[in-house]
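this one's sequence-less:
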C-alpha cells in the first residue's frame, strides 16, 4: 500500500480499476469472517503492541497478594506446610475482615504431617503412641474449620489429560442463564484437579484457575469455563461474587456464544468462548505481602480490611510463572489480581461483534479513495496519501484502545489494502508500456528458453533414473535375499538416491541418501555421491563405517554449493544374515518381522555427509532372522503433504509396512500406494526414495 504509482502511465488505470473494485469486494467479505480474523498472528501482534505502549493505569487497589515466598519457606520450613500452618494464616487474615480470600493453591491430597497420617506410619508395637495420635484432630479438619469462619474461594485446575488425583466433577455455585448454550462454546476440560472434598465443603466458592497459553503467553483469560458438564466461573469473577455477597453469577449468551457475565450490577463483556482480553498494567510489588509478615505479626493487619486477598505460592521452584502480552513474567495470582482491578476500574478491553463490520466499512472507504486517487496523483503525492492512510489507521486503532478500550484491527485493513494498491500500480505500469512488439518478442524468447530447459530437464531425468540399479535384474540367481527399491523425484530431477551391489560373493552393500535441496543441483550432487560411494566401497576393505567416513572426506573437498547429504548405508552378509548399518543424519530404518511387527532401529548418531570433515561414523550390528525385512526411506515419505497441509507421518508409514506382505516388491508397492492415496492431487513436496531388503536365510 505504501508503494507510489510509477510515472510510466499517468492519469489512467485501464482495466485496473474494475479489478481493484472486485478485490475490494472480496477482501471486505473476508474481513467480515468471524473468528480470529484473516491474519490472526498480525492481529494479536498489534493488540499486544497496544498493551506494551499503553499499559493500564492502576486507579484502585482492591487486591492484596499474600505470597508464600522464599522468606516464608526459610522461616517455616519447606512446602507443603502442615495444614495447621495454613489454618493459622487464614485465621490471622480473617481477623482483619477482608472481603474475600482466594487460595490460588491446589490441595488435592491429605496432609502427610497430620496425626492420623503419622499414626499410619508407626510400627504395630507403638500402639500407645498411635492411639494418642489418632485421638488428635486431623489437620485437614483444622484447616477446614478455619475456612468456614472466612469467605474463602478455592481454585480448580483444568486438564485435558488424566492426572493423578483428577476428577471429572467439582463442587460449583450457581451460574444463571442459558447454561446449555454457554457449555457449547466455552473451553471445556474433561478432568480437573481440585482440593480435598472437606475443603471444598468449607469454602464459599470455587473457580477455574486455568488459562490456555498462546505460544507461552497469557493473552486471554476465561471468565467462565467448564469441567465435564459443569460450568465454572473464572477465579477473579468468583472472588468478586463472594466479596460482594452475591448468590450467583449471571451468564449472557446469544447465537454466537457467551456475550458477557454479571455479578450484581457489574457486567463484564466477553468473547463468544467466555474469555476476556485483560488489559495488563506495569508490574508492581506494592500489592504483595509476605506470609512471613502475617504469621509473625510484623504486618499491621488493618491493611487487609475490606480487601480481596489472594494466597499464592511465589517461592523459587514452587510456581510456574507466566508471561503476559507485555513480556512481563508474573505469577498467576498477579493476573487474577489485575483482572479484579479492571473490574473495579471498569476497564474492559472489548471487541464487539459489530467491530468486524466497522473494519470492513473502513476498508471499503479507504479502498475507494485509493481506486479514485492513485491513477490521477503524481508519485510524490501518492506516496503521501499512502503514508497518511497507514498512519491514520494505526493512530485510530491506538486511540480507540486508549480512550474506549476497543480492539480495532488496523493490521487486517492495512494488509487488505495492499493487494488493491498493488493491483492499481500493476495496471498503471503495464498501461505505460508502449513498445508492444518488443514485449511480445521478449515473451517469445522466454517461451523458447523454457522449452529448451524443459527438454534438457527431461533428458536429465532419463539419465538420472537410468543410472539407478534395477532390483529385478541386479541379482538374477540370488536366493539368499530379495530386494526392491523406488525413487520418485518431486520435480523433473531430484536429490534422493539409492544404490546396491555385491562387494564380494557373499556381502551386499546398499545405500539410501537424501541431498539437501531439490532440482538440478541436488541431482548432480546425488550422482557424484552415488559414484564416489561405489568407488570407495569396491576398492576399500568393505567396512561400512570406513566407506561413509571416506565418502564424507571426499565430498567435503569438492562442494562449492555447500550441499550436504543424509545417508544410511549397510552391509548384509547373505550367508549369516548379519547386518551392519551406518547412519549419517538420516531417518532411522525399520525392521519388519513375522506378523507385520515393525521395529524402528537406531536413529542417526552422526551428522550428514559434508557437515563435519573426518568424522568417525558409528556402526550398529544386527542379526536378521530368515524372512525378516529391512526398510530404508527418505523423509519425502514421512513428510509427504496433502492438500490440507497434513503430513503422511511415521505412523502411516508403519501401518503400510505392517499391512503389506513380507515381499520387498509388495512392501514398496504398499508404501507407494499409501503415500499417493494420502497426497491425492496435491503437488509433491519432496523427493521420495524407498529400499526394502529381505534376508531369506542361507540356501
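Thanks, I have the structure now. This structure is a prediction, so every number in the text was calculated from the model and none was measured. Numbers count the residues shown, from 1 in each chain.

Pass me the low-pLDDT residue ranges in the chain, would you?
1-17, 20, 23, 31-39, 316-320, 428-444, 446-460 (pLDDT under 70).

so how far is residue 45 from the residue most central in space within it?
Compute the mean C-alpha point of the chain, and by CA atoms, centre = their mean the closest residue is residue 215, 6.3 Å away. Using CB to CB, to the nearest Å, we find residue 215 at a distance of 11 Å from residue 45. Yep, even glycine has a C-beta here, placed from its N, CA and C like the rest.

Also residue 211?
19 Å.

Same question for residue 499.
49 Å.

Compare these two (neighbour count), which wins?
residue 499 (21 against 12; other CB atoms under 10 Å).

Show me how the protein divides into domains.
16-55+351-431, 63-113+139-345, 474-695 (automatic domain parsing).

First-to-last residue distance for the second one?
Its start and end residues considered, domain 63-113+139-345 measures 12 Å (CA to CA, to the nearest Å).

quick one, what contacts residue 64?
By CB atoms under 8 Å, 6 or more residues apart in numbering, residue 64 lies in contact with 287-289, 303-304, 307-310.

Tell me how many other residues surround the closest residue to it other than its chain neighbours.
Sequence neighbours aside, residue 307 is the residue nearest to residue 64 in space, at 5.0 Å (criterion: CB to CB, 6 or more residues apart in numbering). Residues near residue 307, counting by other CB under 10 Å, number 20.

Which helix or which strand is home to the residue in the chain sticking out farthest from the centre?
The centre of the chain is farthest from one residue, residue 128, which by CA atoms, centre = their mean lies 57.9 Å away. Element membership for residue 128 (DSSP states H and E) is helix 127-135.

what packs against that helix?
helix 115-120 (3 or more CB pairs under 8 Å, 6 or more residues apart in numbering; DSSP states H and E).

starting at the chain centroid, how far to the helix it packs on?
Centroid separation between helix 115-120 and its chain, computed with CA atoms, centre = their mean, to the nearest Å, is 45 Å.

State the distance from the residue nearest to the centre of the chain to residue 53.
20 Å.

for the stretch 451-600 of the chain, what spans make up the helices?
In the stretch 451-600 of the chain, the helices defined using DSSP state H, counting those that start in this stretch lie at 471-474, 519-539, 544-557.

Run through the residues that contact the residue nearest to residue 64.
62-64, 98-99.

Can I get these in TSV including secondary structure and distance to residue 331?
Output for those, formatted as TSV (DSSP: H, G, I helix; E, B strand; the rest coil; distance: CB to CB, whole Å):
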residue	secondary structure	distance to residue 331
62	coil	18
63	strand	13
64	strand	14
98	coil	19
99	coil	21
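
Scan these and report the most crowded one.
That'd be residue 63 among those, by other CB under 10 Å, with 26 neighbours.

Residue 215 versus that one, what's the distance?
Counting by CB to CB, the gap from residue 63 to residue 215 is 28 Å.

still on that earlier bit, residue 610: which of the contacts of residue 64 is nearest?
residue 288 (55.9 Å; CB to CB).

quick one: the strands in the stretch 451-600 of the chain?
481-488, 496-502, 507-515, 565-573, 578-584, 590-592, 598-600 (DSSP state E, counting those that start in this stretch).

Tell me which of those sits nearest to residue 272.
Nearest of the strands of the stretch 451-600 of the chain (CB to CB): strand 598-600, 43.7 Å.

For the closest one, which strands pair with it and how are they oriented?
Looking at strand 598-600 with DSSP bridges, its partner strands are strand 590-592 (antiparallel).

what comes into contact with the partner strand?
598-601, 622, 624, 628-631, 633, 653-654, 657-658, 662, 667.

in it, what counts as buried?
With burial defined by 16 or more other CB atoms under 10 Å, the residues of strand 590-592 counted as buried are 590-592.

Could you do stretch 563-570 as well?
563-570.

got it, and stretch 384-400?
Neighbour count says stretch 384-400 has 385-386, 389-390, 393-394, 397-398, 400 buried, by 16+ other CB under 10 Å.

circling back: could you say which of the contacts of residue 64 is surrounded by the most neighbours?
residue 310 (30 neighbours).

so what's that residue bridging to?
The partner residues for residue 310, given DSSP bridges, come to residue 65, residue 102.

Would you confirm that it contacts residue 65?
Yes. Residue 310 lies in contact with residue 65 (CB atoms under 8 Å); the separation is 4.9 Å.

Need the overlap of contacts for the two.
333, 337.

so how far is stretch 299-319 off the chain centroid?
34 Å.

Distance-wise, check residue 480 relative to residue 474.
14 Å.

Of those two, which one has the most company?
Taking neighbours as other CB under 10 Å, residue 480 and residue 474 compare with residue 480 leading, 19 against 14.

Who are the contact partners of the more buried one?
Residue 480 is in contact with 574-575, 695-699, counting by CB under 8 Å, 6+ apart.

I'd like those residues as TSV, with secondary structure appended.
Formatted as TSV, the contacts of residue 480 follow (DSSP: H, G, I helix; E, B strand; the rest coil):
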residue	secondary structure
574	coil
575	coil
695	strand
696	coil
697	coil
698	coil
699	coil
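
Ranking by neighbours, what's the top pick from those?
Neighbour max across the contacts of residue 480 (other CB under 10 Å) = residue 695, 24 neighbours.

who does that residue bridge with?
residue 481.

Quick check, it in contact with residue 575.
No. Under the criterion of CB under 8 Å, residue 695 is not in contact with residue 575, lying 10.1 Å apart.

Listing partners with orientation, what would you give for the one helix or strand residue 276 maps to?
Here residue 276, judged by DSSP H and E, is contained in strand 275-276. Neighbouring strands of strand 275-276 in its sheet, by DSSP bridges, are strand 221-222 (antiparallel).

Within its sheet, name the partner strands of the following helix or strand past the strand it pairs with and how each one runs.
The element immediately downstream of strand 221-222 (helix or strand, assigned by DSSP H and E) is strand 224-227. If you go by DSSP bridges, strand 224-227 pairs up with strand 188-189 (parallel), strand 230-233 (antiparallel).

Name the residues that touch strand 224-227?
Under CB under 8 Å, 6+ apart, the answer for strand 224-227 is 156, 158, 168-170, 175, 182-183, 186-192, 208, 210, 231-234, 237, 249, 251, 258, 261, 270, 274.

What about those residues, which are in strands?
The strands, defined by DSSP state E, take in 156, 158, 175, 188-189, 191-192, 208, 231-233, 249, 251, 258, 261 from the contacts of strand 224-227.

correct me, but residue 221 touches residue 339?
Yes. Using CB under 8 Å, residue 221 is in contact with residue 339, at 6.4 Å.

Could you name every residue contacting both of these two?
234, 236, 276, 278.

Please list all residues in contact with the closest residue to the first one other than its chain neighbours.
In other words, residue 234. What sits nearest to residue 234 in space, not counting adjacent residues and going by CB to CB, 6+ apart, is residue 223, at 4.6 Å. Listed by CB under 8 Å, 6+ apart, the contact partners of residue 223 are 233-234, 236-237, 258, 261, 268, 270, 274-276.

would JSON lines of the strands of the stretch 451-600 of the chain with distance to residue 469 be doable?
Converted to JSON lines, the strands of the stretch 451-600 of the chain look like this (distance: least, CB to CB, whole Å):
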{"stretch": "strand 481-488", "distance to residue 469": "8"}
{"stretch": "strand 496-502", "distance to residue 469": "6"}
{"stretch": "strand 507-515", "distance to residue 469": "10"}
{"stretch": "strand 565-573", "distance to residue 469": "15"}
{"stretch": "strand 578-584", "distance to residue 469": "19"}
{"stretch": "strand 590-592", "distance to residue 469": "22"}
{"stretch": "strand 598-600", "distance to residue 469": "26"}
